[in-house]
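*Asks:* I would like to see how this sequence folds:
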Amino acid sequence: MRVLVACEFSGIVRRAFAARGHDAWSCDLLPADDRSNRHIVGDARAILNDGWDLLMVAHPPCTRLCNSGVRWLAVPPPGKTVDQMQHDLQEGAALFSAFWNAPVERICVENPVMHRHAKALIQNYQEPAQSVQPWQYGHGETKRTCLWLKNLQPLKPTNIVEGREARVHRMPPSADRWRERSRFFPGIADAMADQWGGVADEARAA
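*Replies:* Here you go, the predicted model:
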């Protein structure tokens, strides 16, 4: 399978699919943390027509789309204006729309719970197919993540563990806080690769 992992610089999902023999690539505005030569630096929207006809896993930035930050749209954080918040919201919704409506047969877009303003801006918006938690996939943490799925089955839990620590939400302020908060959980990446990695073969067999 040719797999595009959009908006990923960590390589976590890319490596999960690559380890199972797939032609997996990541793309982000930032260079890859692991310096892989299977990472494209740039806007993933520019390569959506490049033959990713089997699967795309996208992790678009969620700061202005997620329900937890909706208050900033009316009362911006220090140093920001309402106009800037609205511009960021429009940009975030446009990016999500591009991925959700991409010319790719099987799509997964990952984001937190969205507020109603974001939903209204997204083209052909549908409610997420499911939400997952890290503790369902071997990580003793809580961080609810929604998955919007097209022609993919919902993920099944693989390793339910004890522990319900909200580590990501409790990270102290730092210059790299946004970077660390955006990292995907390897257990969920492995579940994606294991459970979705054979969908092309299954489709051909049918």
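
*Asks:* list the helices and strands the longest helix belonging to the chain packs on?
*Replies:* In the chain, assigned by DSSP state H, the helix with the most residues is helix 82-100. When contacts are defined as 3 or more CB pairs under 8 Å, 6 or more residues apart in numbering; DSSP states H and E, helix 82-100 packs onto strand 107-111, helix 116-121. Every C-beta, even on glycine, is put in place using the N, C-alpha and C of the backbone.

*Asks:* enumerate every residue touching the residue lying closest to residue 148 once chain neighbours are set aside.
*Replies:* Excluding its sequence neighbours, the residue lying closest to residue 148 (CB to CB, 6 or more residues apart in numbering) is residue 109, at 4.3 Å. Residues in contact with residue 109 (CB atoms under 8 Å, 6 or more residues apart in numbering) are 58, 60, 96, 99, 100, 147, 148.

*Asks:* do you know the pLDDT at residue 201?
*Replies:* On pLDDT, residue 201 comes in at 59.

*Asks:* want to throw the helices and strands packed on helix 82-100 into a markdown table with distance to residue 52?
*Replies:* Formatted as a markdown table, the helices and strands packed on helix 82-100 follow (distance: least, CB to CB, whole Å):
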| stretch | distance to residue 52 |
| --- | --- |
| strand 107-111 | 9 |
| helix 116-121 | 24 |
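
*Asks:* how far away is the nearest residue to residue 41 once chain neighbours are set aside from residue 43?
*Replies:* Nearest in space to residue 41, with sequence neighbours left out and distances taken as CB to CB, 6+ apart, is residue 31 at 5.6 Å. According to CB to CB, to the nearest Å, residue 31 stands 14 Å off from residue 43.

*Asks:* have a look at the two and say which one is more surrounded.
*Replies:* residue 43 (15 against 11; other CB atoms under 10 Å).
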